[in-house]
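Colleague: sequence and predicted structure are below.
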Amino acid sequence: MEVKKIKFDKHTVKKLLTLLMPIIAFGVLIAVFCIVVGAKGYKLDRYIEIIFNQGLVLAIVATGATFIYTLGSFDISLGASTLFSAAVGVMVYNSTHSLVVMILVIIIVAVGCSLLSSTLASVFKLPVFVTTVAMMSVLSAISATIITKNGGALGGISIPSSVVKPLDNMGFKIAMLVIFMALCVFVFEFTKVGRRQKFLGANPFCAKLTGISLNKYAIIAFVMAGLGVGLGAFLTLVYTPSVTPTTAGSLGMQILVAIVFGGMPISGGPRSKIYAAVVGGFSYILLDNILKILIQGNAGYGISQIISAVFFLALVYVASLNYRSKNLPR
Amino acid sequence: MSETEVVQENTIPLLEIKNMTKTFGPVVALNDVDLTVQKGDVLGLIGENGSGKSTITSIAAGMQKATKVESMRYKGKDWAPSSMLDALDNCGEGAHGIGMIVQESGTIAGITVAENIFLGELDQFRVFKFGPISRRKLNKAANEALEAIGITNVRGNMPMAALDFQSRKLVEIAKIMLKDPDVIVVDETSTALAHDGRQILYNIINKYRGTEKAVIFISHDLDEIMEVCDTLTVLRDGKIIRSFKKDEFDADAIRTSMIGRELQGDYYRSDFTPSWQEEVVLECKNLVLGDSLKDISVQLHKGEILGVGGLSHCGMHTLGKVLFGAVKPQKGEVLVNGTPVKNEAFAMKKNIGYVSKDRDTESLALTASIKDNIAIGGMEKYAIKNFLIWDPSEKKYVDEQINNLSIKCSDRNQTTGTLSGGNKQKVVFGKWVGRGSEILILDCPTRGVDIGVKQAMYQLMLKLKEEGKAILMISEEMPELIGMSDRILIMKDGEIKKEFIRSAELTDAEIINYMI
């Protein structure tokens, strides 16, 4: 059998760099994080747990959202959907005292919110992100009303912590992440649905003339994203059994950044990958925490945001290196 | 200026390239190539897809940079344009640089025709400095630019997206000609144009011939290039193989230089007997759609190649889309084996395949791999329970199509956008033929492909016909229609004007009479 030797020319190096950059960056961030935490004299194991809990929800919601991003679209309302689902979940638990019912309702509400966005876009022939902007405002407002009306002076609503305490452990959370990721990888890589999603993202005109319905696959993408939101909302309650109007407030934007951090092209298409959400989600949280530890105080927030933005731009640039020089002039 | 200097200036070539190399990753597109363009010349560049014709001209026109070049001189001075605009505008007093009309779309869809023509130069139409743009002046200037080259049916205020492929290409020509370049590169443009559009292009070329200017004309149509050009240079695998003067033009010699061997076997069909089976597999009844289709009824039989020809705006391209269910007619119906076609997905279920004229936009996802493009059409063939994708089966399916169609690629994962025009078209064929389409609607199937690939496609079509498959071939090339079709329908202004049955006596002139 002929063994194909890999030639390490400029082209191959660029390709490999594009592919491995997010994973290398993730590794570097872990190393830097450990050094920074150690240098400050903080407890590393405790900090790792914090990072995991913060990154988990982002990674899970972003994993579901990958389906939307693959189509070349995005959903800015995912944070608001997470908040709304969690708020409704709390209300349902407090009425029924059933964890199972609460989980079911959270998932149904999250998928419903997602479906509503895509259906509105389909009915009114609008770009999906336009309806998600509207949904973000509506869901945030309704959630705030529910929380302030029922939370009173506490400023939030909650379920008894004892209900979710048994689930608040790394094993359960890792299992949830792995199961959801496996489901997404299965749909994305091993079914016709995934193939068609990627092709739609690559060229919607060609996809239409190949019999692929944008509406149908947009709905499937939003259902998958809804499942991620539902699971994310539930895990938010597992970590902190109370919901305030600011819960998951910046999640929508964080997902966008996380997916790009993970090496997925912002335009979607065939180079989309599920692991990008997980790698990117945890990378983002790591970077955010490193900057918070290093730059403390009021000025720190602004500086860390600027550094995050520069990091974001650099990654988008590297991700596009390979693609931009690839096309022949025809 | 002394007499010697005048003589020297007159003998200086317009464009002179020495030892140019261009690589795209591992692909060597140009390998130490020399090219000289003399004043007054209409120089033809011919070669198989991927031979380097577009690459060398696009570098001279500022679209991209060479990887290595000993020298590139324009009008005797060093030449290294930073962009296409730079190549047109920044070459000294009065500009007169190099303009290139590219093979695929070179215009922007979301703006008007006038905005496209004056892209980047809209400031000249401001009512006052920093003020609003005068639409009236802008559209007037655009109309003048269009009329200057003989285009009267396209207006400056029209949205670009509303125009068909030919009109978009003509707007691009008007935009280039507005700059009055001294060298124009016509890259496979004529294949995007029907008879009327080609006449506009040929008029421009004839105006350049024998003057202080020059034309570089790239085409895969040997007859056309021999007719239009004064000299001819053949490229193969990124190298110049041979140059021909007009009196040396010989079709067989040029073909042999192009492909490095003699072309074996038939090009078009060798028989002149029309043949098809009784069974009607696809038909449309009384189709009406605006001015494009006026009461059109067509029947396509099993084992038939039905040609549809006409000028670009005659409605034939729309007919192809309506038959595939991609466009809904206002009246009438399309039936596949007696069942109404509802949409593209339904048409595919009924084994209809559609190859669009606009290959890069409608037939391929350029950023996706060859595998993605071929596999997407044939998932029913290899998906387990018509749902699960098993990677080895998918790869096997794709490799079969790559081998059957001899697609030149590094591997199945190569990005489709990096392929040459002919190989891109083979990928499109692979997508539809591989899935076992029984009915193929092919809109300009050999547009922009070289002679070797064309022959392969014609032979494939013939094989499919012999297997009992039905082909509706929409084409703007008369020899192709005559050479391959059992019947030819000629459309004009949305109506079928004439039906021809295959015969040895059928000529271009006879058909063209019904087109114009």
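Modeller: Yep, that arrived. On a predicted model such as this, the values are computed, not experimentally measured, just so you know.

Colleague: centroid residue for chain A?
Modeller: With distances taken as Cα atoms, centre = their mean, the residue of chain A nearest its centroid is A:A62 (1.5 Å).

Colleague: buried residues of the host helix or strand of that residue, list them for me.
Modeller: If you go by DSSP states H and E, A:A62 is part of helix A:44-70. Within helix A:44-70, the residues scored as buried using 16 or more other Cβ atoms under 10 Å in any protein chain shown are A:47, A:51-70. To be clear about C-beta, it is placed using only N, CA and C from the backbone, and glycine gets the same treatment.

Colleague: and stretch B:71-82, by the same measure?
Modeller: In stretch B:71-82, counting by 16+ other Cβ under 10 Å, buried: B:M72, B:R73, B:Y74, B:K75, B:W79, B:P81.

Colleague: out of those, who's nearest chain A?
Modeller: Closest approach to chain A among these (Cβ to the nearest Cβ): B:P81, at 13.9 Å.

Colleague: which pLDDT value belongs to that closest one?
Modeller: The pLDDT attached to B:P81 in the predicted structure is 91.

Colleague: per-residue pLDDT, the closest residue to it other than its chain neighbours?
Modeller: Nearest non-adjacent residue to B:P81, counting by Cβ to Cβ, 6 or more residues apart in numbering or on different chains: B:G62, 3.2 Å away. pLDDT for B:G62: 91.

Colleague: can I assume B:G62 sits in a strand?
Modeller: No: the assignment for B:G62, made by DSSP: H, G, I helix; E, B strand; the rest coil, is coil rather than a strand.

Colleague: around it, count how many other residues there are.
Modeller: Neighbourhood size, B:G62 [other Cβ atoms under 10 Å in any protein chain shown]: 23.

Colleague: got it, and A:G155?
Modeller: Neighbours around A:G155, by other Cβ under 10 Å: 12.

Colleague: how much space between it and chain B?
Modeller: Per Cβ to the nearest Cβ, to the nearest Å, A:G155 is found 47 Å from chain B.

Colleague: who in the stretch 101-250 of chain A is up against chain B?
Modeller: Within the stretch 101-250 of chain A, the positions adjacent to chain B are A:189-192, A:194-196, A:198-199, A:202-203, A:205-213 by Cβ under 8 Å from any Cβ of the partner chain.

Colleague: same thing but 6 Å
Modeller: A:F190, A:T191, A:K192, A:F199, A:A202, A:N203, A:F205, A:C206, A:L209, A:T210, A:G211 (Cβ under 6 Å from any Cβ of the partner chain).

Colleague: is the fourth one in a helix, a strand, or coil?
Modeller: Pointing back at A:F199 there. Assignment for A:F199 (three-state DSSP): helix.

Colleague: that one contacts B:I374, doesn't it?
Modeller: No: if you go by Cβ atoms under 6 Å, A:F199 and B:I374 don't touch, sitting 11.4 Å apart.

Colleague: and those two? which has more neighbours close in?
Modeller: Shown here are A:F199 and B:I374; by other Cβ under 10 Å, B:I374 has more neighbours (31 against 25).

Colleague: backbone phi and psi for that one, please?
Modeller: phi -80, psi -40 (degrees, to the nearest 10).

Colleague: neighbours of the closest residue in space to A:T70 that isn't next to it in sequence, how many?
Modeller: Nearest residue to A:T70 in three dimensions, chain neighbours excluded: A:S272, at 4.1 Å (Cβ to Cβ, 6+ apart). Neighbours of A:S272 under the rule other Cβ under 10 Å: 25.

Colleague: try A:A182
Modeller: Should you count by other Cβ under 10 Å, A:A182 turns out to have 11 residues around it.

Colleague: contacts only, for it.
Modeller: By Cβ atoms under 6 Å, 6 or more residues apart in numbering or on different chains, the contact list for A:A182 is empty.
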